[in-house]
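structure, please.
(chains A and B)
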Amino acid sequence: MHRYIIKRILLLIPVIIGVSFMIYFIMDLAPGNIITQLVGEDATEEQIEALKHEYGYDRSVFYRYGKYMLGLLHGDLGNSYITKKPVWDMYITRLPKTLWLALGASVVAILLSIPLGIASAVRSGSLIDNSCMVLALLGLSMPNFWLGLLLIIEFSLNLGWFPSGGYSGFTSVILPAITIGTGHMAVMTRTTRSSMIDVIRQDYLRTARAKGVSENKVITKHAFRNAFIPILTIIGDQLAIGIGGAVLTETVFAWPGVGRLIIDYVHQRDVPVVTGAIIITTLITGIVHLVVDLLYAVVDPRIKGKYSRKGTKRIKVRKEAA
Amino acid sequence: MARQQLVSRQYMKRSRAGEVWHRLKKNKGAMIGLAIIVMLALVAIFADLLVDYEKDVIGMTLKDRLQHPSKAHIMGTDDLGRDIFARLLYGSRFSLSVGVVAVAIAVVAGVILGAFAGYYSGGIVEDIIMRFTDIFAAVPNMLMAIVIVSALGANTMNLMISVGVTSIPQFVRTTRAAVLTVTGQEYIESARAIGESETKIIFKHILPNCLSPIIVRVTLRVSSAIISASSLSFLGLGVPAPNPEWGSMLSTGRAYLRGYSYMTLFPGLAIMLTVLAFNMVGDGLRDALDPKLKK
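The predicted structure follows:
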């Protein structure tokens, strides 16, 4: 188990290097670099040369990338070209706000979609099932940011229940969390349903019923636990996506999160901020996936054996999501 | 007896595609979705006949600005006095073309890479392709698309490229998985025994047998590509003004949420309807192509 965890963490290193290389080069080589952003119309040749020297633009991109990676090895994500502040500080002040949204959205999605998914599976083909599936399809087809705008119109402009944007305590989390959560919900309901349907036909449920276990217990304990792994995968994926920053929802709700950080600085060609933020995001995503894989063993002890063997690949239990 | 023979002959006559179509036809959702897609495609193709681009779509009439839906303007007018319905009709061009072209880019690149990775599995080719795919897929799709489109510059072509490129990993993985199962089959072995070239085996014998999962992925991916494209336009990173892209219409509407919510309502509905149609066809195709999956 420990070996498995260590191996998986070590495997993240080449991914991080690859991601940093890719993002750094795309950002750095894009037309209109930081120098053109900084110099005014009437800057002299000397001023431009001085700036180029300061940011390393008088040498090749490989030199700049090498310098960046050298810093990264020492745990230094560099300073923003624009604000001069350390990228790590800029990221970490925004992370809690994004975490709020990511967790809020997951809670909304889990609380609603698991009961709905189970109900649809148990009464497969019924009115409840059909309406849940239609709702899920609508949720899947609805652009998130549009839903956010509609929620603002109704619940903050018309009814005045919640603030329409910005971060101001608990009430401000609700609308954006519902916005992101609805998208998650659609996928999660469908996954829960199909996963439960697979399990519900198994013989051991008939056995449990024959033993006189109550129907509620059969569904919630015997069936759900066995159907849970694909659902856990989806929860993990969505949490990871949420922590990466729901750029659109953060834009709609003027939410000062990680997603906004990237979109704000990408326009200004602030290479260290964008590269750094995406590196941390990738790292967190990787760790969330690892944690989910480890949780499989908690849910289903049979999986534990697989971790001790040689393999380092993610355990394949992923169901076709929706 | 005669009747039985007739039935079985009927079934035999039907090609594989015919068989799938036959099953798809029975799926009401898929048929509704298909009808919507055909209608939208017709609107997109003949948009110039339906509305006058210069006059209705980009021409401003400031005296008519911000009019609520009425008989003259069934969906109202925007902040520059342009008829929202006319703009929506014309905007179908952007959403459909970006969705289709982006996915086409992803399919061509993803299927070729995935086919090689699957066919040469266990070797260095697979390693290189799959490691690159992993790295690419490690960055959240939306962030990757934002970085690419902002680096290339915001316009329709680059929007297609960025959405397309970010969709590649999915197709690589889907194709590779499908190719892996087919490669082990006996008819591939016999093709090799006859001495067919490797490329011919991949493109003539293996890929045609991997089509089902790829087709399903394509339809579902078009719908998410349409959402991504309108999201990027909403952020100001897509189709430039004054073009009536649905996402950028939403972004205009955002400034007029109070009192003029119709400006936000209709473009969103248009996106949702389009995406819904592709999702319904995708779901239907999945069931039709793989009856085993159907519950």
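
and for A:Trp161, the neighbour number?
A total of 11 residues lie near A:Trp161 under the criterion other C-beta atoms under 10 Å in any protein chain shown. Any C-beta I mention is one placed from the backbone N, CA and C, and that applies to glycine too.

over to B:Pro242: give its phi and psi.
phi -90, psi 20 (degrees, to the nearest 10).

could you find the closest non-adjacent residue to it?
B:Ile58 (4.5 Å; C-beta to C-beta, 6 or more residues apart in numbering or on different chains).

same check, this time on A:Val15
Per C-beta to C-beta, 6+ apart, closest to A:Val15 is B:Ala138, 5.0 Å.

B:Arg286 too?
In this structure, B:Arg286 finds its nearest non-sequential neighbour in B:Val216, 4.6 Å apart by C-beta to C-beta, 6+ apart.

one more: A:Thr189?
Nearest to A:Thr189 is A:Ser113, by C-beta to C-beta, 6+ apart, at 4.1 Å.

which parts of the host helix or strand of A:Ile279 are buried?
Element membership for A:Ile279, per DSSP states H and E: helix A:271-299. Buried residues in helix A:271-299, defined by neighbour count with 16 or more other C-beta atoms under 10 Å in any protein chain shown: A:271-286, A:288-290, A:292-297.

do the same with stretch A:66-82
A:68, A:71-72, A:77-82.

among the residues you listed, which pair sits farthest apart?
Using C-beta to C-beta, those reach their maximum pairwise distance at A:Leu72 and A:Ile82, which is 19.5 Å.

quick check, central residue of the chain?
Reading this off chain A. In chain A, the residue lying closest to the centroid (C-alpha atoms, centre = their mean) is A:Ile241, at 1.4 Å.

the intended chain is chain B.
Note: chain B centre (C-alpha atoms, centre = their mean) maps to B:Val222, 1.3 Å.

from A:Leu95, how far off is it?
Here the criterion is C-beta to C-beta, to the nearest Å. By it, B:Val222 lies 34 Å from A:Leu95.

kindly report the same for B:Arg16.
From B:Arg16 to A:Leu95 the distance is 51 Å (C-beta to C-beta).

the two: which is more packed in?
In this view B:Arg16 and A:Leu95 are compared by other C-beta under 10 Å, and A:Leu95 has more residues nearby, 19 against 11.

what helix or strand does B:Cys81 sit in?
Check again: residue B:81 is Gly, not Cys. Going by DSSP H and E, B:Gly81 is not in any helix or strand.

does it touch B:Ile58 like I think?
No - B:Gly81 is beyond contact range of B:Ile58, at 11.3 Å (criterion: C-beta atoms under 8 Å).

who's in contact with B:Ala193?
Contact criterion C-beta atoms under 8 Å, 6 or more residues apart in numbering or on different chains gives no residues in contact with B:Ala193.

which element is it on?
helix B:186-194.

could you dump that helix to CSV, C-alpha only?
Extracted as CSV, the C-alpha positions of helix B:186-194 are listed here (Å, rounded to 0.1, in the frame of the first residue of the first chain):
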residue,chain,number,x,y,z
GLU,B,186,-8.1,-13.9,-35.5
TYR,B,187,-9.0,-12.0,-38.7
ILE,B,188,-6.2,-9.5,-37.9
GLU,B,189,-3.8,-12.4,-37.6
SER,B,190,-4.9,-13.8,-40.9
ALA,B,191,-4.5,-10.4,-42.5
ARG,B,192,-1.0,-10.4,-41.3
ALA,B,193,-0.5,-13.9,-42.6
ILE,B,194,-1.5,-12.9,-46.1
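
in it, what's buried?
In helix B:186-194, counting by 16+ other C-beta under 10 Å, buried: B:188, B:191.

and the next helix or strand past that helix?
Counting by DSSP H and E, what follows helix B:186-194 is helix B:198-200.

can you tell me what sits against that following helix?
Under the contact criterion C-beta under 8 Å, 6+ apart, helix B:198-200 has outside partners B:Tyr119.

again, but for stretch B:62-80
B:60-61, B:81, B:83-85, B:87-88, B:249, B:252-253, B:255-256, B:260, B:262-263, B:266.

for the stretch 1-150 of chain A, what lies in contact range of chain B?
A:14-15, A:18-19, A:22-23, A:26-27, A:29-31, A:124, A:137-138, A:140-146, A:149-150 (C-beta under 8 Å from any C-beta of the partner chain).

thinking again about what came up before, now the residue nearest to B:Pro242: how far from chain A?
Counting by C-beta to the nearest C-beta, to the nearest Å, the separation of B:Ile58 from chain A is 23 Å.

so what's that residue up against?
Counted by C-beta under 8 Å, 6+ apart, B:Ile58 has contacts B:82, B:242-244.

just the buried residues of the residues you listed.
Those of these that meet the buried threshold are B:82, B:243-244, by 16+ other C-beta under 10 Å.

can you show me the helices along the stretch 1-150 of chain B?
B:2-13, B:16-25, B:28-45, B:47-50, B:84-119, B:124-138, B:141-152 (DSSP state H, counting those that start in this stretch).

for stretch A:208-223, what is the average pLDDT?
For stretch A:208-223, mean pLDDT is 82.

how far does that stretch stretch from start to finish?
Stretch A:208-223 has its terminal residues 10 Å apart, counting by C-alpha to C-alpha, to the nearest Å.

wait, does it make contact with chain B?
No - Stretch A:208-223 does not reach chain B (C-beta under 8 Å from any C-beta); its nearest approach is 15.2 Å.

flag every buried residue along that stretch.
For stretch A:208-223, burial by neighbour count (16+ other C-beta under 10 Å) applies to A:208, A:218-219, A:222-223.

what angle sits between the strand or helix carrying A:Ile23 and helix A:271-299?
Element membership for A:Ile23 (DSSP H and E) is helix A:2-29. For helix A:2-29 against helix A:271-299, the angle by axes from the mean of the first three to the mean of the last three C-alpha atoms, to 10 degrees is 160 degrees.

now for helix A:2-29, which elements pack on it?
helix A:61-73, helix A:271-299, helix A:304-308, helix B:124-138, helix B:141-152 (3 or more C-beta pairs under 8 Å, 6 or more residues apart in numbering or on different chains; DSSP states H and E).

can I get these in a markdown table with mean pLDDT?
Converted to a markdown table, the helices and strands packed on helix A:2-29 look like this (pLDDT from 0 to 100):
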| stretch | mean pLDDT |
| --- | --- |
| helix A:61-73 | 84 |
| helix A:271-299 | 87 |
| helix A:304-308 | 69 |
| helix B:124-138 | 87 |
| helix B:141-152 | 88 |
